[in-house]
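In: What would the 3D arrangement of this be:
(2 chains)
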Protein chains: 2
Amino acid sequence: MTGARVSAAVPIAGRRFVVIGGASLVGSTTADLLLARGAGEVVLFDNFSFGSREAIRHLADDPRVRVFQGDVMRLPDLLAALEAADGVLHLAAMMTISMDRDPWSGLDVNIRGAQNVIEACLVRGVRKLVFASSNAVYGYGPGVAGDLVEDTPFHSAGAPPAAVLYGASKIIGEQLCRQAHRKHGLDYVVLRYSTVYGERQHYRAANALYIVETHDRIKAGLRPRVIGDGAETKHFVYVGDLARANAMAFEAAATDVAVNVSGPEPITTLALVELVCELTGTTLRPEHVEPEAGKVRLTSGGAFRIDHAAAERAIGWRPEVSMREGLRRLLAWRDQGAATVQAAE
Amino acid sequence: MTGARVSAAVPIAGRRFVVIGGASLVGSTTADLLLARGAGEVVLFDNFSFGSREAIRHLADDPRVRVFQGDVMRLPDLLAALEAADGVLHLAAMMTISMDRDPWSGLDVNIRGAQNVIEACLVRGVRKLVFASSNAVYGYGPGVAGDLVEDTPFHSAGAPPAAVLYGASKIIGEQLCRQAHRKHGLDYVVLRYSTVYGERQHYRAANALYIVETHDRIKAGLRPRVIGDGAETKHFVYVGDLARANAMAFEAAATDVAVNVSGPEPITTLALVELVCELTGTTLRPEHVEPEAGKVRLTSGGAFRIDHAAAERAIGWRPEVSMREGLRRLLAWRDQGAATVQAAE
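Out: Numbering: from 1, shown residues only, chains lettered A, B, ... in the order given. All right, here's what the predicted structure looks like:
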C-alpha cells in the first residue's frame, strides 16, 4: 500500500470518468447518473461488439460525453482513453452464454481485458477503479443456498462448464485488483452485481431472459414458458440501483473491498414469470417445459438470498427499486420501443 | 459426447505419450514409469524455463525418449509434438510463487496454455488427456477443513491473491477439459495433485519448501524454521505414487472425471519439520519464526485431509508410499546429489 492518500473517495462533480463497456445497459445508465451528478467528462469506451449506438444515443448531445471506440484487448486503446481519468468503471466482459459459445475469447476479454484495464489505470494514475464482478463468484448448484455473504465459497460441482468459467474469470478479475492494490496501491472497489435488469434490457444475460422472453411470448399471444418447476431462486438488481452503487463506490472512502450489490429481495423463476404476466395484464398462464438440450440455463438447487448489508457498510448503498416497480419500468420501455419502431416503419 | 468409443482406456505398452512439462519432477518420474511399462515413445515437451536438462539426463540413452523444446503458448509447437500421440499428460503450469511474481504470464501459461494443449489434442485426435490439476481448487483459509472431497467448494476469502489466482486458473483448466469433452468428445481425466515431493525436488512449490529448506538448514548446522506454530495441515503425495496415478489414468476406462491424488495421510508443518530432523539424525530442534513480509506462504486454518477414495473408484489408484519413506528417499537423493556435486568440483 502506498499510504499516500488519506481517503480513496473520488467525488463526481467536475471529474473525468471512463466507463469501459460504456455502450451497455449498465454503462449507459451509470453515465446518465454521473452526468446528472455533475461529472466533468464521461468517456464511453466500447468495442461495440455487444454495446450498441442505440443504448447511448440519448447521450449524444451532451458535450461532456465522448465515445471512444476501443477494445480492452488492446492496451494502447486503454492508455489513450484513460489519460487524465479520475475514475474508471470496468464493465466489459463476456457472460456465460458468450463464454459457452467461445471460451477462448471469453477468457481473453474477462482476464486479459481486466489485466489491461488495471495496467492502464496504474500507468495513467487513475484514482479509483470500480470493477464489475458478479454473484457468479459464489457459483451454482445446490451448494449455493441461504444467505450469500462476501466470504461464501465458489461452488462449481455439476454446473455447466461455461458458467464455472465465467465465475472463475470474475474471481480472477477481483484478485488482480487486490494484487494491484497490494503491489502498486491502486484503489478499487469490487461490486458483485446480481442479475441486472431494467430499461435497455438485452438478450445476453441467461437469467434476464426469463423477463424478456416471457414478455415477447405474451406479446405474440403465446403462453410464457418456465423451464422445470420454476422453484429455483433468482436475485436481480434494478439497473438504476446499480448505477447508484457504481457512483457511490467512487464517492466512498472505501478501497480494497468486494461487496454484493443485489435488489431488495430474491424471487423464484415462476414468481418472476407470473409477475411479468400480471404487469402485462395478460390472461395467458405460464407453461412448464423441459430444458432445451445444449442451451445454458442456470439453476440453483437451494433457495438463496444475496445479502447486501456489506455494501451499505462499505459505500452506504442499499437498493431502492422493488422487482415489481423495476419490471414495470422495463416493460414500459419495451412497449414504448416497439411503438417507436412501428411508427418509423 | 461422441459415443463412438466403448472405453477411454489407453494401455501403455507400445503407445506414444507426450508429457508436457516433461523435464520436471513429476514429468521425469512419470516418463520413467511409462517407459518401464513398455511405452513405444515418450516425448518430453518442455520450454526449459523451469524444467531442467538435469531432471531428464538419466533418460537420454533410451531410444524411445524424445526431447521436444517447445512452449505451451505456441500452438504450432504443440501441434508438431502431438502428432500421432495416443496419450498426453499436461503438467506445464506456473504455481503460486511464480503467479505472485508474474500473474500476467502465470495466467497465460495456466489458461491459454491449457487451451492450446486441448486444441492440439483435438486436432491430433489424441485418445486421452490427463490434466494435472491441484488441491488448490479447494482454496485456502479456515473454510478448508475436514475431508476434502471432489465437490468441496473453492474457498478464497482472505487468501493471498496469487494463491487464489493459481487455484482459479486450475478450476478453469478443468472446465476447459469438461467443455472439450462435451462439445468435441475429448476423453480426459483430471487429477487434483496434492503437494508433490520426492527425488529431484525443486524450490518452486511453496509447501515443499518446508522439506528442502529444513534439510538445507540442518546441513548448514542451523536450526530449522517453522513459520508460526506449525499446526496447520499439509497433505503431500510422493512423486512415485503420483506417476502411478498418471499412468493409471491413461489405462483406466474412466473419462470426464476429476479426482484427488493425495498421500496416505496429512501432516502438520511442525510434524513434517520434526520428521525431517529425525530422518537426518540431527539434534537441532525447530525454532518458530514470524512470516516474512511479502513472501507467499500458504496456511490453512482448519485441519483437513484430502480424500482419495474417488481416485480408487475411478482409476483403481491408492497411495503406497508413507511420508516417512518418501522423505527418506528424497533426503537420500539430496545427500547423494550434494556428494556428486562436491566430487565434481
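In: nearest residue to residue A:199 other than its sequence neighbours?
Out: Leaving aside its chain neighbours, residue A:199 sits nearest to residue A:333 (4.0 Å; criterion: Cβ to Cβ, 6 or more residues apart in numbering or on different chains). Placement of C-beta: from N, CA and C, glycine included.
In: what sits against the one you found?
Out: A:199, A:200, A:201 (Cβ atoms under 8 Å, 6 or more residues apart in numbering or on different chains).
In: can I assume the first one is in contact with residue A:329?
Out: Yes: the pair residue A:199 and residue A:329 qualifies as a contact (Cβ atoms under 8 Å) at a distance of 6.0 Å.
In: quick one, which of those two is more surrounded?
Out: residue A:199 (20 against 16; other Cβ atoms under 10 Å in any protein chain shown).
In: was I right about residue A:173 contacting residue A:131?
Out: Yes: the pair residue A:173 / residue A:131 is scored as a contact, 6.1 Å apart, by Cβ under 8 Å.
In: list the residues that contact both of the two?
Out: Common neighbours of residue A:173 and residue A:131 (Cβ under 8 Å, 6+ apart) are residue A:114.
In: Please narrow the contacts of residue A:333 to those residing in strands.
Out: Using DSSP state E, no member of the contacts of residue A:333 falls within strands.
In: so, if you compare these, which one comes nearest to chain B?
Out: Of all the contacts of residue A:333, chain B sits closest to residue A:201, with 27.9 Å by Cβ to the nearest Cβ.
In: give the contact list for that closest one.
Out: Residue A:201 sits next to A:25, A:208, A:211, A:212, A:330, A:333, A:334 when contact means Cβ under 8 Å, 6+ apart.
In: And the helices in chain A?
Out: A:25-36, A:53-56, A:75-81, A:96-101, A:103-107, A:113-124, A:161-184, A:209-219, A:239-251, A:269-280, A:309-315, A:323-344 (DSSP state H).
In: And the fifth one, how far out from the chain middle?
Out: If I follow you right, that is helix A:103-107. 18 Å (Cα atoms, centre = their mean, to the nearest Å).
In: tell me what that helix is packed against?
Out: Contact analysis of helix A:103-107 by 3 or more Cβ pairs under 8 Å, 6 or more residues apart in numbering or on different chains; DSSP states H and E lists helix A:96-101, helix A:161-184, helix B:113-124, helix B:161-184 as its packing neighbours.
In: wait, which of those helices is closest to residue B:82?
Out: Smallest distance to residue B:82 across these (Cβ to Cβ): 4.2 Å, for helix B:113-124.
In: now that closest one and helix B:161-184, what's the angle there?
Out: 20 degrees (axes from the mean of the first three to the mean of the last three Cα atoms, to 10 degrees).
In: ok, helix B:113-124 near chain A or not?
Out: Yes: under the criterion of Cβ under 8 Å from any Cβ of the partner chain, helix B:113-124 makes contact with chain A via residue B:115.
In: Export that helix to CSV, keeping only CA atoms.
Out: Taking C-alpha atoms only, helix B:113-124 is exported to CSV below (Å, rounded to 0.1, in the frame of the first residue of the first chain):
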residue,chain,number,x,y,z
GLY,B,113,-1.6,-23.0,-22.2
ALA,B,114,-4.3,-25.4,-21.3
GLN,B,115,-6.5,-24.1,-24.2
ASN,B,116,-3.6,-24.7,-26.6
VAL,B,117,-3.0,-28.2,-25.3
ILE,B,118,-6.7,-29.1,-25.6
GLU,B,119,-6.8,-27.6,-29.1
ALA,B,120,-3.8,-29.6,-30.1
CYS,B,121,-5.3,-32.8,-28.6
LEU,B,122,-8.5,-32.3,-30.7
VAL,B,123,-6.6,-31.5,-33.9
ARG,B,124,-4.3,-34.5,-33.5
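In: now for that helix, which elements pack on it?
Out: helix A:103-107, helix B:75-81, strand B:87-90, strand B:128-134, helix B:161-184.
In: hmm, 7 Å instead?
Out: Applying 3 or more Cβ pairs under 7 Å, 6 or more residues apart in numbering or on different chains; DSSP states H and E, one finds that helix B:113-124 contacts helix B:75-81, strand B:87-90, helix B:161-184.
In: Turn the ones you listed into a markdown table, columns for distance to residue A:66, mean pLDDT and mean neighbour count.
Out: Putting the helices and strands packed on helix B:113-124 into a markdown table (distance: least, Cβ to Cβ, whole Å; pLDDT from 0 to 100; neighbours: other Cβ atoms under 10 Å in any protein chain shown) gives the following:
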| stretch | distance to residue A:66 | mean pLDDT | mean neighbour count |
| --- | --- | --- | --- |
| helix B:75-81 | 38 | 98 | 18 |
| strand B:87-90 | 45 | 98 | 29 |
| helix B:161-184 | 33 | 97 | 25 |
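In: I'd like the ones you listed written out as a markdown table, with distance to residue B:111 added.
Out: As requested, the helices and strands packed on helix B:113-124 are exported to a markdown table (distance: least, Cβ to Cβ, whole Å):
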| stretch | distance to residue B:111 |
| --- | --- |
| helix B:75-81 | 14 |
| strand B:87-90 | 12 |
| helix B:161-184 | 5 |
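In: how about those, which one is nearest chain A?
Out: Using Cβ to the nearest Cβ, these put helix B:161-184 closest to chain A, at 3.9 Å.
In: would CSV of the helices and strands packed on helix A:103-107 with distance to residue B:45 be doable?
Out: Putting the helices and strands packed on helix A:103-107 into CSV (distance: least, Cβ to Cβ, whole Å) gives the following:
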stretch, distance to residue B:45
helix A:96-101, 28
helix A:161-184, 25
helix B:113-124, 9
helix B:161-184, 17
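In: right, and these - which one's nearest residue A:85?
Out: Nearest to residue A:85, of the helices and strands packed on helix A:103-107 and by Cβ to Cβ, is helix A:161-184 at 15.5 Å.
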